[in-house]
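Got a sequence here, can you model it:
(one chain, ligands or ions: 2)
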Amino acid sequence: MFKKYPGKFSLFGLSFLILAAILAFITATIVTSPSGKQDLRSKAAPSTQLYFYPQTLSVISSLPRDQSVNIMINPAGNSVTAAEIHLSFDPTKINIKNIVPSSLFPNILTIPVIDNQLGKANFTVGVPAASSGSSAVSEIASIASVYFTYTKAGSSTINFTSDTQAAGLNETGNVITTLTPLSILVQTPTPTFTPTPSPTLSPTPSPTPIPVVANLNITMTLQKINSKKTDIPVAITFYDPAGNIILSQTPNFTGDNNGIYNYNLTGLILGTFTIKIKPRFYLTRKTSLSLANGEQSINLIQAPFLSGDISENNKIDIFDYNRLVEDFGPNMPTAGSPADFDKNNKVDIYDYNLLVENFTKTGDN
Ligand SMILES: [Ca+2]
Ligand SMILES: [Ca+2]
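Ligands and ions are numbered 1, 2, ... in the order given. Model (predicted):
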């Protein structure tokens, strides 16, 4: 009996200890849950994709032949600030001649190093340092253009090696999940042409100049804006003939004293595109063009962009009207209102008049 009692007691003591341990574990888990959250976030965060445009190249050509492609980034939810790119390729088939970073990544952190003996190239670029982080790239964009020469027929690739990485705002570590190589198939036009044994590794620099990256200057006017006003963000989206988004950027356009807005997009992909242009709170306009090497321009000043799309759904409707009514007259917030269409710091009958004039109009789709 005397023996039994302490035995029971110690059993109880053991149960208590186990319970205490479980409680301590749960408490510790709760206390450290912020790190648990971070795990969750960093699991969701790496979603960014790197690939080439075009994604595949099939070429019938005499050799050597110059070619250019763009290294593309789809941030997919991230705000990318810097990218470190490492490429590998077969130097018996391809020689990289030049790598030109795009205007969105103008800070060259390490200059392009190209090794056509080993078939490697690398460079690191960053966005301009802005205190707000506003220069970070959050839409599909070109990181750089790669200019190379085919020296031998056959199939080949340009690969991103696994040390390729990108940094994003509010993220720790690499945000890239997918690296897609460029697939290349090169055929020579006629088998009768017998070249002297492959001129490996000594492609005497051809006199043809390295292709220039295309720049596009866009000029536009906005309804009822005839004098110097603040810059305006303009969403510009490039679509390929199949309707895929190839590039999207939202740069700030600067207006002059006559209200003519202008922006120069640089480092663009070559090809034929449909381009949609949407100044913030204006209706979308669509145009198409073939971008070749060098400078090109789109002049849209013959008709101003139509204002009033505060809700940004590309039509002038009751939601826009609703906001105008809310901000009308003395109710305009001190910080200003998107319903101040003519940008005279008042929401008044002239803004109302403009909305009525544009009511039910829609932008290009
Ligand atoms: Ca609207
Ligand atoms: Ca106004």
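
from here on, contacts and neighbour counts on C-alpha atoms
OK.

Residue 82: what's it in contact with?
105, 124-127, 166-168 (CA atoms under 8 Å, 6 or more residues apart in numbering).

Between all of the residues you listed, which two are separated the most?
The most widely separated members of the contacts of residue 82, counting by CA to CA, are 124 and 168 (14.2 Å).

Under a three-state scheme, what state does the residue in the stretch 51-200 of the chain that ligand 1 sits nearest to occupy?
Taking CA to the ion as the measure, the stretch 51-200 of the chain has residue 139 as its residue closest to ligand 1, at 22.5 Å. Here residue 139 is recorded as coil under DSSP: H, G, I helix; E, B strand; the rest coil.

who's in contact with the closest residue to ligand 2 within the stretch 101-250 of the chain?
Here the residue of the stretch 101-250 of the chain nearest ligand 2 is residue 224; by CA to the ion that distance is 9.7 Å. Residues in contact with residue 224, defined by CA under 8 Å, 6+ apart, are 341-342.

Residue 66 too?
147-150.

In helices, which of those appear?
Nothing among the contacts of residue 66 maps onto helices, per DSSP state H.

top of the residues you listed by neighbour count?
Comparing the contacts of residue 66 by number of neighbours (other CA atoms under 10 Å), residue 150 comes first, having 24 neighbours.

Nearest spatial neighbour of that one, chain-adjacent residues omitted?
residue 94 (4.8 Å; CA to CA, 6 or more residues apart in numbering).

and what of residue 163?
Counting by CA to CA, 6+ apart, the residue nearest residue 163 is residue 86, at 6.6 Å.

what does residue 118 give?
Going by CA to CA, 6+ apart, residue 118 has residue 91 as its nearest residue, at 6.7 Å.

ok but that neighbour is inside a helix, no?
No: counting by three-state DSSP, one finds residue 91 to be coil, located in no helix.

residues touching it, list them.
Residue 91 neighbours (CA under 8 Å, 6+ apart): 116-119, 201.

so where does residue 125 fall, helix or strand?
According to DSSP states H and E, residue 125 maps onto strand 120-126.

before we move on, back to that, for the residue nearest to residue 163, phi and psi?
Main-chain dihedrals, residue 86, degrees, to the nearest 10: phi -120, psi 130.

Low-confidence stretches in this protein?
Scanning the chain for pLDDT under 70 picks out 1-44, 131-133, 191-213.

Near ligand 1, which residues of it are found?
The chain has residues 309, 311, 313, 315-316 near ligand 1, with proximity defined as CA under 5 Å from the ion.

which one of the residues you listed is nearest residue 77?
Lowest distance from residue 77 to the residues of the chain next to ligand 1 (CA to CA) belongs to residue 313, with 20.8 Å.

I'd say residue 120 and residue 86 touch.
Yes: taking CA atoms under 8 Å as the definition, residue 120 is a contact partner of residue 86 at 7.4 Å.

quick one on the thing from earlier: roughly how far does the residue nearest to residue 118 sit from residue 157?
Between residue 91 and residue 157 the computed distance is 11 Å (CA to CA, to the nearest Å).

Could you pull out the buried residues of stretch 134-149?
135-149 (16 or more other CA atoms under 10 Å).

that older thread, give me the subset of the contacts of residue 66 that lies in strands.
In strands, defined here by DSSP state E, the members of the contacts of residue 66 are 147-150.

which one of the contacts of residue 66 is nearest residue 364?
For those, the nearest to residue 364 is residue 147 (35.1 Å; CA to CA).

Count the residues that sit near the residue nearest to residue 187 when sequence neighbours are not counted.
Leaving aside its chain neighbours, residue 187 sits nearest to residue 60 (4.7 Å; criterion: CA to CA, 6+ apart). Neighbourhood size, residue 60 [other CA under 10 Å]: 14.

Residue 253: which element?
Going by DSSP H and E, residue 253 is part of strand 252-255.

Would you tell me what the next helix or strand after that strand is?
Next along the chain after strand 252-255, taking DSSP H and E as the criterion, comes strand 260-268.

which residues of the stretch 201-350 of the chain fall in strands?
214-222, 232-239, 245-249, 252-255, 260-268, 271-279, 285-291, 295-305 (DSSP state E, counting those that start in this stretch).

Over to the stretch 1-150 of the chain?
Using DSSP E, counting those that start in this stretch, strands in the stretch 1-150 of the chain cover 48-53, 56-60, 65-74, 80-89, 94-101, 107-115, 120-126, 141-150.
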